[in-house]
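*Asks:* My questions concern the predicted model and sequence given below.
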Amino acid sequence: MMDEQLLLLQIATILIAARLFAELANKINVPPIIGELLAGIILGPSLLGWIEPNAVIHLLAEIGIILLLFEVGLETELDKLIQSGTKATIVALSGFIIPFALGFASCYWLFGFSLLVSLFIGGTLTATSIGITVRVLADLGKHNSYEGQIVLGAAVIDDLLGVFLLAVLYEFSFAGKVEISNILSIVLYVSLFFIFAPIIAKLLTPLINHLDKNTNIPGLLPVVLVSVVLIFGYLAHLSGAPNLLGGFVAGIALSRRFFLPLGALIKTDEQFTHNIHAQMKPIIQLFTPIFFVMVGLSLDLTAVDWGSLFIWIFSITTLAIAILGKMIGPFLLRDRLSTKLAIGMSMVPRGEVGLIFAEIGRTAGILDTTTYAGLILVIAYTTLASPFWIRHYYRTLEKHRIKY
C-alpha cells in the first residue's frame, strides 16, 4: 500500500527541486528544462534514490505533458502548421524510416541480435520527444517560427507512427505474427479522432464562454478547460493515439485561428482566448515540470555496466544512428542550410517516447539488461544534450545575424 504522507513529501520535493534546478540552470545560461531533467536524475535511482516513479507521479506527469501540448496547440498558428504539412511529413517519414532501417541493420548484422530485438531497437530510435522539443523551442520563443511549425508537425506525425509501430512490434512479440486488421483499426480510430475531436471542441467554445461570463464564482474557466483537455486525452488514448495529442487537438480547436469546415460560424472572441491563456498558464506551469522531472527519474544510469566494452561500442554506434537518422531528413527540403540544421537538431531528443519503447522491450523480456542499458545511454544523451545544441545554435545564428 502506498504511504500517502510519503507521497505528499515526494510531490513537494519534485516541485521544489524542479523549480530550484530550473532557476540555477537559467542563472548559468543553460536551458531551464535541463535543470528539471537533472533534478529527476539526482532524486531518482541514478544518484540519491530518494524517489522512485510510481503510479501517482506518473499520472501527474501525464497531466503535465497533456496540458503542455494544450498550451502549444492554443498558441499554434494553424495556417502555418498546415502550410508546413508536406515538409513536416517529409521530415517525419525520413526521421522514422532512416533510424529504424539503420538501427535494425546494425543490430541484426553487426551485433548479431535476433530479429525481434533488432526490430525493437530500431523502433526505439524512431522516437522524437514532442514534449522536450516543444519546451526547448518555446523557451527560445521559436515554437511558432517557420522551422518550429515543421518540427511540431513532424513530431506529431512521428508520435503517431511510433504508436503504430509499437502496436505491430508488441503484437509480433507475443503472437509471433501481425494481424493487418488490428493495425487498420488503430489507423481508422485515430483518423476519426483527429477529424471529429477539433470540431467538437470548437462547438463547445460558445458554451464555455457563456458560462464564464455568467458566473459569479471565480475559477470556472480553468476547471472546465482542464476537464475538457483531460477528456480529450482519454479519447485520444481510446482511439489508439498518444493521450498527449488529445491536449494538442483541444488547444488547436480553441486557438484564435481554428475554423470549422463550411465557414467560421462561430466567431472567435479575442478576450475569451486571452482569458484562457491567463487562467490556464499557472496550472500548466505547476504540472509541466513534474513531467520533465519524471523523465529524469526514469533514467536509471546505475543500470549501465560502465566497464563493459560492448556497452560503449553498441551505445556509440546506436547514438550515431539516432542523431544522423534525424539530421538527414531536413536535407531533403529546399531550405536554407541554417533552417535544415535547426529542424534536424530539434528532432533528435528521444526523451519519454524512447524510454517507453525501451521499457516495454525490457519488461516483455525482449531486451536484456546490457542492451537496455546501452539504449538508456543513447536516450539520456539525446535528451540532455539536445537542448544545449539547440539553444547554442540559435544564439550563434543571432550573434552572426544569419537568417533562418
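*Replies:* Yep, that arrived.
*Asks:* C-alpha from now on. contacts and neighbour counts both.
*Replies:* Fine.
*Asks:* any idea how far L110 lies from G325?
*Replies:* Noted for L110: a distance of 17 Å to G325, by CA to CA, to the nearest Å.
*Asks:* and those two? which has more neighbours close in?
*Replies:* G325 (25 against 10; other CA atoms under 10 Å).
*Asks:* Please name the nearest non-neighbouring residue to the more buried one.
*Replies:* Distances taken as CA to CA, 6 or more residues apart in numbering place P99 nearest to G325, at 4.6 Å, with adjacent residues excluded.
*Asks:* Which of the helices or strands spans the one you found?
*Replies:* For P99, the host element (DSSP states H and E) is helix 85-105.
*Asks:* What helix or strand is S118 located in?
*Replies:* helix 115-125.
*Asks:* Can you tell me what sits against the helix or strand following that helix?
*Replies:* Next along the chain after helix 115-125, taking DSSP H and E as the criterion, comes helix 130-139. For helix 130-139, the external contacting residues (CA atoms under 8 Å, 6 or more residues apart in numbering) are 31, 33, 65, 68-69, 72, 143, 148, 152, 155-156, 159, 292, 346-347, 349, 351, 383, 387, 390-391.
*Asks:* so of these, which ones are in helices?
*Replies:* Of the positions in those, 33, 65, 68-69, 72, 148, 152, 155-156, 159, 292, 346, 351, 383, 387, 390-391 sit in helices, assigned by DSSP state H.
*Asks:* what about D305, is that helix, strand or coil?
*Replies:* coil (DSSP: H, G, I helix; E, B strand; the rest coil).
*Asks:* what's the neighbour count on it?
*Replies:* So D305, with other CA under 10 Å, has 15 neighbours.
*Asks:* Next: L137.
*Replies:* If we define neighbours as other CA under 10 Å, then L137 has 22 of them.
*Asks:* returning to what we had before: residues of the helix holding S118 that come out buried?
*Replies:* For helix 115-125, the buried set under the neighbour-count rule, 16 or more other CA atoms under 10 Å, comprises 116-125.
*Asks:* can you list contacts of it?
*Replies:* Under CA under 8 Å, 6+ apart, the answer for helix 115-125 is 99-105, 107-108, 162, 165-166, 169, 173, 321-322, 350, 354-355, 357-358, 361, 366-367, 375.
*Asks:* if we go to 6 Å?
*Replies:* With contact meaning CA atoms under 6 Å, 6 or more residues apart in numbering, helix 115-125 is reached by 99-100, 103-104, 107-108, 322, 354, 357, 366.
*Asks:* With respect to L60, which of these is nearest?
*Replies:* Closest approach to L60 among the contacts of helix 115-125 (CA to CA): G354, at 19.5 Å.
*Asks:* To which secondary structure element is that closest one assigned?
*Replies:* helix 351-363.
*Asks:* How far away from the center of its chain is that helix?
*Replies:* Distance of helix 351-363 from its chain centroid, counting by CA atoms, centre = their mean, to the nearest Å, is 13 Å.
*Asks:* and the helix holding P99, average pLDDT?
*Replies:* Throughout helix 85-105, pLDDT has a mean value of 89.
*Asks:* Buried residues of the helix holding G354, list them for me.
*Replies:* Those buried within helix 351-363 under the rule 16+ other CA under 10 Å are 351-359, 361-362.
*Asks:* tell me the angle that helix makes with helix 130-139.
*Replies:* Interaxial angle, helix 351-363 versus helix 130-139 (axes from the mean of the first three to the mean of the last three CA atoms, to 10 degrees): 160 degrees.
*Asks:* Just the residues contacting helix 351-363, thanks.
*Replies:* Against helix 351-363 from outside (CA under 6 Å, 6+ apart): 124, 127, 129, 295, 367, 383.
*Asks:* Show the buried residues in the residues you listed.
*Replies:* 124, 127, 129, 295, 367, 383.
*Asks:* Nearest to I311 among those?
*Replies:* Closest to I311, out of all of the buried ones among the contacts of helix 351-363 and judged by CA to CA, is L367, at 13.5 Å.
*Asks:* and that closest one, what does it touch?
*Replies:* Contacts for L367 (CA under 6 Å, 6+ apart) come out as G361.
*Asks:* okay, which residue of this protein is out on the far edge from center?
*Replies:* The outermost residue of the chain relative to its centre, with distances by CA atoms, centre = their mean, is N216 at 37.7 Å.
*Asks:* How much space separates that one from G40?
*Replies:* Separation of N216 from G40 (CA to CA): 41 Å.
*Asks:* would you turn the contacts of helix 351-363 into CSV with pLDDT and distance to L220?
*Replies:* As requested, the contacts of helix 351-363 are exported to CSV (pLDDT from 0 to 100; distance: CA to CA, whole Å):
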residue, pLDDT, distance to L220
T124, 85, 41
A127, 77, 37
S129, 75, 32
V295, 79, 32
L367, 80, 48
T383, 80, 37
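*Asks:* and which of those residues is nearest to F21?
*Replies:* V295 (14.7 Å).
*Asks:* can you tell me the helix or strand for the closest one?
*Replies:* Going by DSSP H and E, V295 is part of helix 270-298.
*Asks:* my guess is T382 meets M345, correct?
*Replies:* No - T382 is beyond contact range of M345, at 9.7 Å (criterion: CA atoms under 6 Å).
*Asks:* coming back round to it: please tell me which one of the contacts of helix 115-125 counts the most neighbours.
*Replies:* A322 (29 neighbours).
*Asks:* Next, the contact list for that one, please.
*Replies:* L125.
*Asks:* helix or strand for it, which one?
*Replies:* Secondary structure from DSSP H and E places A322 in helix 309-328.
*Asks:* can I have that helix written out in PDB, keeping just the CAs?
*Replies:* Taking Å, rounded to 0.1, in the frame of the first residue of the first chain, the C-alpha atoms of helix 309-328 are listed here in PDB:
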ATOM      1  CA  LEU A 309      33.400  -2.700 -23.900                       C
ATOM      2  CA  PHE A 310      30.200  -3.900 -25.600                       C
ATOM      3  CA  ILE A 311      28.100  -1.200 -23.900                       C
ATOM      4  CA  TRP A 312      30.400   1.600 -25.400                       C
ATOM      5  CA  ILE A 313      30.600   0.100 -28.900                       C
ATOM      6  CA  PHE A 314      26.900  -0.500 -29.000                       C
ATOM      7  CA  SER A 315      25.800   2.800 -27.500                       C
ATOM      8  CA  ILE A 316      28.200   4.900 -29.600                       C
ATOM      9  CA  THR A 317      27.100   3.200 -32.800                       C
ATOM     10  CA  THR A 318      23.400   3.500 -31.900                       C
ATOM     11  CA  LEU A 319      23.900   7.100 -30.800                       C
ATOM     12  CA  ALA A 320      25.400   8.000 -34.200                       C
ATOM     13  CA  ILE A 321      22.400   6.400 -35.900                       C
ATOM     14  CA  ALA A 322      20.000   8.100 -33.600                       C
ATOM     15  CA  ILE A 323      21.500  11.600 -34.400                       C
ATOM     16  CA  LEU A 324      22.200  11.200 -38.100                       C
ATOM     17  CA  GLY A 325      18.900   9.400 -38.700                       C
ATOM     18  CA  LYS A 326      17.100  12.600 -37.600                       C
ATOM     19  CA  MET A 327      19.500  15.000 -39.200                       C
ATOM     20  CA  ILE A 328      19.300  13.600 -42.800                       C
END
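*Asks:* Fine, thanks again, bye for now.
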